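K.L.:
Turn this into a model:
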Amino acid sequence: MLSILDRYFLRELAQTVAATVVVLLVIVAGSAFAHVLQQVANGSFPASVMFQVLGLRTLDGLTNMMPLASFIGILLGLGRMYRESEMHVLSSSGMGPRGLLRPVLILGAVLVAITAGVSLWLGPWAVRTSDAMVAAANRSVIAAGLDAGRFTELPGKGGIIFVDSLSRDGSKLGRTFVATQSEGKGGPAHLKLVSATSGELYQESNGDGRFIAFKDGWQYDIPLGANNWRQMQYQRNDTSLSEVRADEDDDPAHSKSSWALFQSDDPDDRAEFAWRANAPPLTLVLLLLALPLSRQSPREPRYGRLLLAVVTFYLYYTLLALGRAQIGKDHWHNQAPLWALHALVLGMAGWMLWKQYSPRKLRTPPTGVAA
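P.N.:
Below is the predicted model:
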């Protein structure tokens, strides 16, 4: 049964952590939005699926955001209580470290469970869903910007295309008309007209190039300002669309399921699984580390301890990232050094908390000194 003090701590800390999550989520979404816009501009996928991909990429970013949000949220919540002397009043009333640890551990259990679900399941699922959505969009002329019954700019080619009908999935075209203009080398510009009774969108075997195969039609090559135009009848005529460019930051291991990574012997897969598996203990250790780091007197600078805590988090996070790199290079064959780092930081947090709540020795005046 939770006491009144436990419910008060849980309410105050949960509100601060939730507010921190919202703020950091906006920052992560802004960064993901800039990256998605760059990919759309590079031709990695059409703009029609931009916001769906943005939402999925933001979900994936929660894996790295949850430990930091939990850490800063606890720091801000307890720091406010210390500045307003609430913690000092509670300590003078007999509240020891156990009264503070109990609500923090209850909240920590919820945050660790959320972090574990995001890092081991939700994040990889979001990446796989995003990749599948982009692949499906690149296979459809509807997602590439074409629409039946109206003239549309040809994606990436600077021309005009008209399609009278499209299949439901956007891969089959009805009667089609295409007009493109190209600059001649040392001569007049050429206008190229293509008509077809049907068409089909397809990709290269590696999924990079996109092409429209026109069937049973005519092609006209008309030099502007001249009369030596050419006419050609064809059974099939292929025209390329904008090239699909792969994202340079894509990591194949990042989209795999956690179970597949656990069963793999590849160093990159083991490094990715180690990173996901260490997110929940990272969250718990940071929550306990926030308890001693949040302690401050009312006269201390408001963000002095917060700056120290952020530097501590940066060093902790950097060491974990270096450990992940060592696993990826196959220098380390297990996660034991990472768990040893968690144990070291946890021991340091426990020692700092014990020093804060341990009884202080009274100073005795030197002998022979008059009162």
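K.L.:
residue boundaries of the strands in the stretch 101-250 of the chain?
P.N.:
Assigned by DSSP state E, counting those that start in this stretch, the stretch 101-250 of the chain shows strands spanning 151-153, 159-163, 172-173, 176-182, 190-203, 210-223, 230-240.
K.L.:
possible to save these as a markdown table with mean neighbour count?
P.N.:
All C-beta atoms are positioned from the backbone trio N, CA, C, and that covers glycine. Shown next, in a markdown table, are these (neighbours: other Cβ atoms under 10 Å):
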| stretch | mean neighbour count |
| --- | --- |
| strand 151-153 | 13 |
| strand 159-163 | 20 |
| strand 172-173 | 20 |
| strand 176-182 | 17 |
| strand 190-203 | 18 |
| strand 210-223 | 18 |
| strand 230-240 | 13 |
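K.L.:
Buried residues of the lengthiest helix in the chain, list them for me.
P.N.:
The longest helix of the chain (DSSP state H) is helix 4-42. By 16 or more other Cβ atoms under 10 Å, the buried positions in helix 4-42 come out as 6, 9-10, 12-14, 16-17, 20-21, 24-25, 28-29, 32, 36, 39-40.
K.L.:
hmm, back to that, to P124, which of the strands of the stretch 101-250 of the chain lies closest?
P.N.:
strand 190-203 (24.9 Å; Cβ to Cβ).
K.L.:
now for that closest one, which elements pack on it?
P.N.:
Other elements packing on strand 190-203 under the criterion 3 or more Cβ pairs under 8 Å, 6 or more residues apart in numbering; DSSP states H and E are strand 172-173, strand 176-182, strand 210-223, strand 230-240.
K.L.:
Identify whichever of those lies nearest to G99.
P.N.:
That would be strand 210-223 among the helices and strands packed on strand 190-203, by Cβ to Cβ, at 63.3 Å.
K.L.:
now the angle from the closest one to strand 190-203?
P.N.:
170 degrees (axes from the mean of the first three to the mean of the last three Cα atoms, to 10 degrees).
K.L.:
I'd like to know which elements strand 210-223 is packed against.
P.N.:
strand 176-182, strand 190-203, strand 230-240.
K.L.:
just how off-centre is the helix or strand hosting G55 within its chain?
P.N.:
If you go by DSSP states H and E, G55 is part of helix 50-83. Between the centre of helix 50-83 and the centre of its chain there are 12 Å (Cα atoms, centre = their mean, to the nearest Å).
K.L.:
and if you look at stretch 83-97?
P.N.:
The chain centroid and the centroid of stretch 83-97 are separated by 39 Å under Cα atoms, centre = their mean.
K.L.:
now do stretch 328-338
P.N.:
On Cα atoms, centre = their mean, the centre of stretch 328-338 falls 24 Å from the chain's centre.
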